Every structure is written in C-alpha cells, then in structure tokens.
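S.K.: what would the 3D arrangement of this be:
(2 chains)
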There are 2 protein chains.
Amino acid sequence: MSTLNDLLIQTESHRSIFENEVRKLPLPVCKAFGSADKPTPVAFVNTDKVLGTKDAATVEKNFPNTVKASANTVLKAGGASTAAVSGKRVAVLFSGGPAAGGHNVLCGIKRMLGDKNTVFGVRGGPAGLLKGKLFEVTEADVKSILNTGGFDFLGSDRTKIKTPEQFEMVKKTCVDNNLDAIVIVGGDDSNTNAAILAEFLYTGVKADGSGVQVIGAPKTIDGDLQIRGLLPISFGFDTATRIYAEMVGNILQDTASSLKYWHFIKLMGRSASHVTIEVALQTKPAFTLISEEIAEKKISLATIVDQIAKTVIARYRNKAIKHGVVLVPEGLIEFIPEMNALIAELNDALAHHATEFAAQPEAGRAAFIQSKLSADNGRLLGSLPAYVVKMLLADRDSHGNLQVSLIPTEQLLIDMTRDRIKQLDAEVPFNTQNHFLGYEGRCGAPTLFDAAYCYNLGLTAGALILEGKTGYMASINGLTTGGEPLAVPLPGLLNVERRHGKDEFVIEKALVKLDSPAMKYFESRREAWAADDLFASPGPRQLWGTAARQIPISVALNDQASTLEFKIG
Amino acid sequence: MSTLNDLLIQTESHRSIFENEVRKLPLPVCKAFGSADKPTPVAFVNTDKVLGTKDAATVEKNFPNTVKASANTVLKAGGASTAAVSGKRVAVLFSGGPAAGGHNVLCGIKRMLGDKNTVFGVRGGPAGLLKGKLFEVTEADVKSILNTGGFDFLGSDRTKIKTPEQFEMVKKTCVDNNLDAIVIVGGDDSNTNAAILAEFLYTGVKADGSGVQVIGAPKTIDGDLQIRGLLPISFGFDTATRIYAEMVGNILQDTASSLKYWHFIKLMGRSASHVTIEVALQTKPAFTLISEEIAEKKISLATIVDQIAKTVIARYRNKAIKHGVVLVPEGLIEFIPEMNALIAELNDALAHHATEFAAQPEAGRAAFIQSKLSADNGRLLGSLPAYVVKMLLADRDSHGNLQVSLIPTEQLLIDMTRDRIKQLDAEVPFNTQNHFLGYEGRCGAPTLFDAAYCYNLGLTAGALILEGKTGYMASINGLTTGGEPLAVPLPGLLNVERRHGKDEFVIEKALVKLDSPAMKYFESRREAWAADDLFASPGPRQLWGTAARQIPISVALNDQASTLEFKIG
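M.R.: Below you'll find the model as predicted:
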C-alpha cells in the first residue's frame, strides 16, 4: 500500500506517468541545424520571395527601418553560421490563448542560444513584459517543460501593446534587463504587435544606441495564421484538431452504438473554419458547415436548416439511420449573410439608442430594438428563438462587437431543424444532443508533430536572433520533406484596416479558401458521408508507435503533399 | 495528390491510421487460458466464496434452478477443460449505454468457442433479441472490430425484458435460432436481467427439453458494478475516466496558462461518484465533490458552496491564484440531503396536483407548486435560481423520476459560489467556465487495459458456456498479478427493492465507500491540492510505449495493489 501511495504522490505537479515519459522523447531537427543532439546556428540568405500587400506603400512609410533592412524578402537557412555570438539576453513571452507546443518553442530557443547567452521567460504574457516580470530560464526548466502542453510555465494574457505609454514601458523593460531580443509567441494580432515593436525598438533603445530585435513565432489553434508555401500552419492547430477529432470520433462511434441521437457539435476556431474542416476530414461526419462557403455562396439560414433537415430525412428514409453528427464552426453566425446584416444593424442601433434601450424593462427590450431596425432585419430578429435574441442583445465586448462565442448556434440549428423536419416529414425521428468543444483542445500534450515543429520553430527563432535579425516570424516549411527553416518578414504581411474608427495595421486572418485542395477534397466526399455512416475514429494522439507521425490532413492536402507522415530532419 | 486522395478515402469506415494499427495489437491472456495465440477452454471449480444478500431466502425461492445449481458459490478456472464441445450456438448482445471494450468481449467469446461452435451477434440490444435480429459473427468480423471502441458492430438499446410476453419472445428467438446460450453484456440492470433470463430459460426451452444458458459480462463506464475481491471494476470505466481525465488535465493546464478562469466540470457517472474520484486521483484539481460523502455527512448545499468559496478565496489570498477546477459528479443534486427531500416532495406534489399544475400559466407554476410544499422545501425552492426551478419542475421520466442529468448543477454551484464570495471577500476575482463531460467518454478506443480485460472477460464467458454453466457473470480478478478468471453467481448478488410500487430484484449499485482506500487516499491529499496547483496531466491514452499499461488508480488502491501497471498473463 504505502508503495502505491508514495508513487501517487510522486505523480503530482506535472509528473504523471505520461508526463514523465514524454519528457524523454527525442525530437528531430531540420537538416539545416545539423545533429539533433547538438543543433548549430545557421546563417540566413534571401529567397526569391518578396512579400507585400495592397497596403505595402503605407507599411513602408510606417516601418522604414525594418522594411529597409529586410526588403520584405523571405529568408531561408543557408549554411552554418560563422558568427560566434555570446552574451545575448533574450526574453520570450506567450501572447493570447494557449496552444500546444509553446513550451517546445521556448526549449528550441534556449537550445539554439546555448550556454553563452541568456534566455528569460516573461511571466503572464504582454502584461508581464510591460511590468518587467522576467526570470532566467535554466537547462533544468527545459528538461521539465519539454513536450508538455499549455503555456503554464510562463502564463499568458491578451494585453495589446498599443499606447505610447505601453511602448515606453517595453523600452524600460528592455533597458532595465539589458535585453538584446524579444520573441513573441502568438497569433495574428501578436505578430502584428511583434512587427510594430521591431520597428519601435529598431535602434536607440539602449545607452550605446543599439536596438532590440523582435522575432515572432506563429501560434494559434484556430489555424488562421498560415501562408501557402511559406507557413504551412500555425502551431497548436494539429494538437487541438486531433483532440476535437478524437472527441467527435468517439461521439460518432456513440451515435452508431446507441442508435438514437443527432449530435450537433460546435468547434472552437473563431471566424475561420480551418478547425472544422480538419475535424471533418479526420472523422467524416454526416454534415459539416463551413462558414466561408456560406458567406461566399450567400446561403441563408433557412437554406442551411433545410439542407440539414433533408440530410436527416434522407438517412432515415433510405438507410433507416436515426443518428448522425453535425459540425458547426464557432464563428458561423456572422458568416450567414442575413445574420451578418442583422448583427451589423443591431450593433449600430444598440449603440445609437443605448440609453433608451437600457431604460426598457427586460421583457420589452427586444420589441423596442426591433422597432428601430429595417423591416427585413426586424422580421428576422422576430423569427429567432428568445434565447438567441437574448444573446444578440447582450452586452458587446470592449470593441463594441457581439460576443459570437456566447450564441448557442448549435441549439438554434437544432430547434430550426426540428421545425423544418416537422414540415417536411413529421414521422422522421430527431433526438439531439449538443456540445461545444473548446478549452479542452488548447492545452493538451502536443502531438509528436506539434512537439517537433515547435522545437524547430524555436531553433529558427534562436538562430535569427544570433544572426541579428529583427521583424521576422520564424517558420518551417516542407513538413513532409525534411523541413526548411524560413524567416518571414512581418511588415510584408501587414494590411491597413479600419478598426474602432482608426486605421490599424493588421495581419489578415487566413480563412478557408473555397478553391483550396482541402475544401475541394471535402466537397468531393461530403455527399457520400451524408448518405451513409462512413465515419472513422482517429483515436487518441499517440506519442509512440506506428500511428504517431501525422500532420493535419488539410495541411497535407493544401501543401500538395503525397503523405500524411511528417518528416523533419 | 491523387496518392493522398486515395489514402484518405481508404481511411473511411473505421479505417483511420489509428484504427488500422490498433487492430494489430496483440492481447495477453490469463495463464489459465494457456497461450495467447490459441487460448484453450478451462474447467471451473468452486472457490470458498459463497454469495448472498439480506434477501437470499426470497431470491432462492424465485431462482430455484440457478441457485440450486450454483449454490451461490463463486467459481474459478481450475485446469484445462476435458470436454470437447462442438455445435453450440451462442448469441451475444450489448445492453444499455455503450462502453469501450464491448467489441473485445465479443472477440474473446468467438475465440474461445472456436470454429466448431457458432457465435451470433444480436442487432440493437435487448429489443433485437426480442425480435430475433441475429446474424453470424465471422472471423473476419473479429479481425475488423478487435480493439475498436463503442458498440457499433451490434448496436445497443435500453429495453428491459420484464413482461411475460417479452420472456416468451426471447424463448421464441432461442427456439427459432436453436440457441444454446446467450451472453448479455451490460450493467447492473442488464445483469439482473441475465439472472432472471437464466432462471426462466433454465430448462424446457427447446424441443428436447433442454434449456438455454445465460451469462453476463460486467459493463458500465459508471464503475458502479464492482465487488471488492471478486470484480475489481466494470469494463469501460478505465477508458471513460482516462478520456475525462485527459480533458480535465488539459483544462487544468489551461487554467494555469490563461490565469483567469475557474472551470466547473460535471462528469457523467449517474448516482455513484466513482468516475469523479478516479478523475480527481488522475488530475489533482483544487476541489472535488463526492456525492456519497455529502449524503453520509449530511452536508448542506450552503456548506458545499461555502467550502468552494473559501477555497477560491484562500488560493487568491495566499498564492494569488485566480484559477482552478471544481469536479462535480453528475448525480450530486440527489445526494444533497435537503435537495433530496425537496425533490421527493416535488415528485409527490407534481404527481398529486398534475392537472392543476398543467393548467397554471407558465409563469405561475413555481409559485403554485411552492404553495403545496412544506415550509422548508417551499423556502428552498424559492431560493433557487429560475433555471434550476424550471428543470426541477420539468417533465419526469417514464418512472416518474426527475431527470437529474438535465439539472445544470455546475451552473448552480457557480452562481451560488459567486454570491458567497461577494459576501465573504468581494475583491476576489471569480471568472468561470463550465463543462459537462459525458458522451465523449463512452465510445473511445479502449485503453490497453480495457482491451485486454474485455478480451479475457470474453474468453471467460466463452469458457463458461463450453462448460454448460448458466446464471453467472464473468469476471477477471487479480489485475496486477496475472489475472484470474472467475464466475460470479448472479442470484447471489440480487436484492429485493420496491420500485414503482412493486418488489423487484436488483443488483445494488456499488457506491463510493467512505472507508475505501481510494477515498482515504483522496482525503489525505485534497487539502494540499486545494491550497496550491499540484495538478498533473495524465495525457491521451497510449496504446504503445512505456505509458500504456495502467489500471485505474482507484481500482489499484481499493485492490491494495502495489503498482498501477496491469499484468494479465
């Protein structure tokens, strides 16, 4: 007994049997870095790819130093580095929602910088950078966090560094800690921030007039930070989609076992439907909604519901199947044209009539605001169930936007589909369950792919720092053919967008393209998946054995790879 | 491209890369069965364990044949069988909610019966048995379903075989298909059904006067079918709790990464808190409610909320921690003494005043029924939030019982905890998320333990059939010391319980015992887990590698095992 009790106490604090074993997993490195045991610094050379958006001129004016230095040219690793750099002090921070593999980015940076340079962790994300919450990362830390999930070694937050005071605070942190470089691990907004900071800190930061380098690393489970041919995918996407795909696969298996339910499953992923299409490709459910397709083809809510209802009816009438799974992307509601129009007018009307609206009794609010809308939008609002109306009228976020994640889209679709089935063929059974898969996917233990990919992103970021580069995002391309370290010039990705009445620089979120190979493949199979149970269960992520080395299916398709097996090194 | 498209189409219909690989996993067998390649039939001999409940005399009167045959004595494997049985025709059915490993039970039965006997699958559970929906299971089927999750090869349902007409229908199915035996894979109710069918079919079923054997196999993710020393655990529990524990571990990792939320997570498992305590032992969260403790110690809802609130406050005040996880067992609400009393009186009042109640306008129903309750219960109902009252007054199930799973206990606890924190220390931040983990745990790919355990349960069931036994449940004991096949006489487990105004035989659900080693260990650690983040992340279930061979922690503790590693064979 006491043996077992002792063993159990030893598993506390991130020392489960699994966690202890994954720490020992060896990680491959790209050939550019030499041996996996002792990866070595590399030099970077220009490729022939020069980036630029429609707003390139405005960007160049606002990012004179970094654009001049990079000429917006993508770099690739080009042989061993000849510089023997020492004494560099580098701070690493996690920004925004966590994603699997962040710890390995930090480990890769530390490994590349070696024992002649110093790596600091920033506690609590950008807010921690403002306050100078730095601590030195040790070799023991690397051993302890390698291949583990989440961002908990550092913590994270969502502070955007925007105001002049905030920029001065960053500068102060750099000076106080005598920093030479900052690595920002984050999504589109955080990498935009990295671009702005790189320019701001380009020169004249420290007493000797020198600047501070800023490098970004592409993180987001949403997958909306990806550039065909340059950045196959953001890290964390593979782990999150594999977690969701396992759950969806389990539920599909359950539908065919219990033989009675339709499960409507909403999947995290904000605006883009990358997560949803990947989970669909992994599991092959009966029905999958892709927001981008709905927006582009201007499909109405009524048509969506009609399509789902007809699928339910056809499966029952043709195959006596009373069950199925419908995948719903989190951001769907804003992509349905008439809902989008309604929400836009509601945002205006609520802002315009805020005082009067607040003065209405709870029960009268919907009618009040309905009277302020155009006839079409008023009618649409009136046709929605009370729980949806309630969320549509709920408090806006700090930017005045609707909090879409709070809208129970999956329940709305269930209720409307039930009504539609009653109209079309009332005998067809339609019992339902609904789910939202979100938080459980952000901090799982990284897949072998995310673990290896992130470690190499870290090595690349570290190598860029050793080479004195700034204003780049680290990337690894060619994920099934050995892996090639790239540096993507951040200003080359920037657009100008009107936000809250001001022009702001942004990296546009990558949405699912209807002409992408992943979408084309999905389209070619979805009717067969709707007609009959052809689902598969991708199972739990394996870190050992013969089922452990896959990249996301959508990434393989879009990269025109010939295999799902990743190959780094 | 076309290579990858072809590969992807090949993964449809249960042929994911993972599913293809798990089918090849070799399974160990208990020494009693000889070699894993060719397990051989065994004879069964009496142990010195004789079972019986307080109702043994009533049971003996109602189960004269099976009690006489077994003398309620537990059997164990006792050397190779000398009988060379052929020509047996055996039907296997899944009953109730699915659980991981059911397919392997069927595979074990088929393997043990060999090619000289015939195994039939029953489509769609007990309802399929009534209708005679049988089909022959082939060797190819075994290869295709081995180690895969869910019950989808056969399907399942929740029909209880109770009426004389139903018993006659079963008899007809036996005669029509010339069956010699039925194996019922199910939980407490289904094994009660197996006991009753074994008695009913004991003799005189077929033209030659012979009977039909009935054998049970212990399935339920809830873990409430377990007998210390005889049946360590029902199958499916390990897989379900490992799935939930991975999700809870991911969320714990998320709390420590995002640094802002308390997550309240409700866990499936019906009345008993076995699932919850196992998940707590795997993950070490800040707060875990155990229904049985609340009932036994008569802890009020206010006290529960007060304890959670004080934990939230202490973590913030002592360690500046603004996050944590609270685990809530699905059945909690009925174990809180005053809620239990309220629900009981509500059930009566709603039944008694059904017509008047239904005639009330929606908005007046709560007040109407409140006026019919005792002062205490009326007050309690009045103090609950509207969304809980609504569920408490919702339609009862077919047995007139409240549908507890519909009550948003986790949301109730969040709202009450928020109010309590405001009273105690209003400055303490308390942002929350809630989850219900349920369906995603029932049909996952079995853990290596469930896969091996179920296969050996199937071998045992098959061996019992070959030996002509009836009225037993198959079990494997000694899970960390090689595994010992046992046969538990089902009538020895039966109690008499008043249900719907009638005496019925039931196998009592095993609840968490407060003096069990698992509970004692949990108690010894929970204060430390509340005070600081000591959580661990058990990670995804591994089928290969060094982290793949664990049994549930609560099972190991309760079995007084010295290791978590299972050893069969």
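
S.K.: the nearest residue to A:S210 once chain neighbours are set aside and A:A69: what is the separation?
M.R.: Of all residues not flanking A:S210 in the chain, A:T203 sits nearest, at 7.2 Å (C-beta to C-beta, 6 or more residues apart in numbering or on different chains). Where C-beta positions appear, they are placed from N, C-alpha and C, glycine not excepted. Distance of A:T203 to A:A69, given as C-beta to C-beta, to the nearest Å: 10 Å.

S.K.: before we move on, what about A:L106?
M.R.: A:L106 sits 26 Å away from A:A69 when distances are taken as C-beta to C-beta.

S.K.: quick one, which of these two is more surrounded?
M.R.: Each of A:L106 and A:A69 has its neighbours counted (other C-beta atoms under 10 Å in any protein chain shown); A:L106 has more, 31 against 19.

S.K.: look at A:I465 and tell me its secondary structure.
M.R.: When classified by DSSP: H, G, I helix; E, B strand; the rest coil, A:I465 comes out as helix.

S.K.: tell me the pLDDT of it.
M.R.: With respect to pLDDT, A:I465 has a value of 98.

S.K.: for the one 4 residues further on, same thing?
M.R.: At A:K469, the pLDDT value in this model is 98.

S.K.: which element is it on?
M.R.: Using DSSP states H and E, A:K469 falls within no helix or strand.

S.K.: gap between it and B:C107?
M.R.: A:K469 sits 58 Å away from B:C107, going by C-beta to C-beta.

S.K.: name the residue in these two with the higher neighbour count.
M.R.: Remark: of A:K469 and B:C107, B:C107 carries more neighbours, 28 against 23, as counted by other C-beta under 10 Å.

S.K.: which stretches of the stretch 401-550 of chain A have low pLDDT?
M.R.: When residues are selected by pLDDT under 70, none of them lie in the stretch 401-550 of chain A.

S.K.: which residues of it lie near chain B?
M.R.: Taking C-beta under 8 Å from any C-beta of the partner chain as the criterion, the stretch 401-550 of chain A approaches chain B at residues A:433, A:435, A:439-445, A:517, A:521, A:525, A:529, A:533-548, A:550.

S.K.: any of those residues buried? List them.
M.R.: The neighbour-count test (16 or more other C-beta atoms under 10 Å in any protein chain shown) marks A:433, A:435, A:439-445, A:517, A:521, A:525, A:529, A:533-545, A:547-548, A:550 as buried among these.

S.K.: interface residues of the stretch 151-300 of chain A facing chain B?
M.R.: Going by C-beta under 8 Å from any C-beta, the residues of the stretch 151-300 of chain A near chain B are A:151-152, A:155-157, A:243, A:246-247, A:249-251, A:253-254, A:256-259, A:263, A:281-282, A:284.

S.K.: now do 10 Å
M.R.: Contacts of the stretch 151-300 of chain A with chain B, taken as C-beta under 10 Å from any C-beta of the partner chain, map to A:151-158, A:239-240, A:242-261, A:263, A:265, A:281-284.

S.K.: per-residue confidence at A:A386?
M.R.: What the model reports as pLDDT for A:A386 is 89.

S.K.: any idea how far it is from chain B?
M.R.: Plainly put, A:A386 is 12 Å away from chain B if you go by C-beta to the nearest C-beta, to the nearest Å.

S.K.: can you count the residues close to that residue?
M.R.: What A:A386 shows, counting by other C-beta under 10 Å, is a neighbour count of 8.

S.K.: kindly report the same for A:A57.
M.R.: Around A:A57 there are 9 residues (other C-beta under 10 Å).

S.K.: same check, this time on the one 5 residues further on
M.R.: Other residues lying near A:N62 total 18 when counted by other C-beta under 10 Å.

S.K.: would you mind measuring from it to A:F436?
M.R.: 40 Å.

S.K.: now name the helix or strand holding A:L486.
M.R.: Assigned by DSSP H and E, A:L486 belongs to strand A:484-489.

S.K.: looking at this, A:G378 is in a helix?
M.R.: Yes. Under three-state DSSP, A:G378 falls within a helix.

S.K.: report pLDDT for it.
M.R.: Listed pLDDT for A:G378 reads 95.

S.K.: contacting residues for the nearest residue to it once chain neighbours are set aside?
M.R.: Distance criterion C-beta to C-beta, 6+ apart; nearest residue to A:G378, sequence neighbours excluded, is A:Q370 at 4.7 Å. Counting by C-beta atoms under 10 Å, 6 or more residues apart in numbering or on different chains, A:Q370 makes contact with A:346, A:349, A:377-382, A:389.
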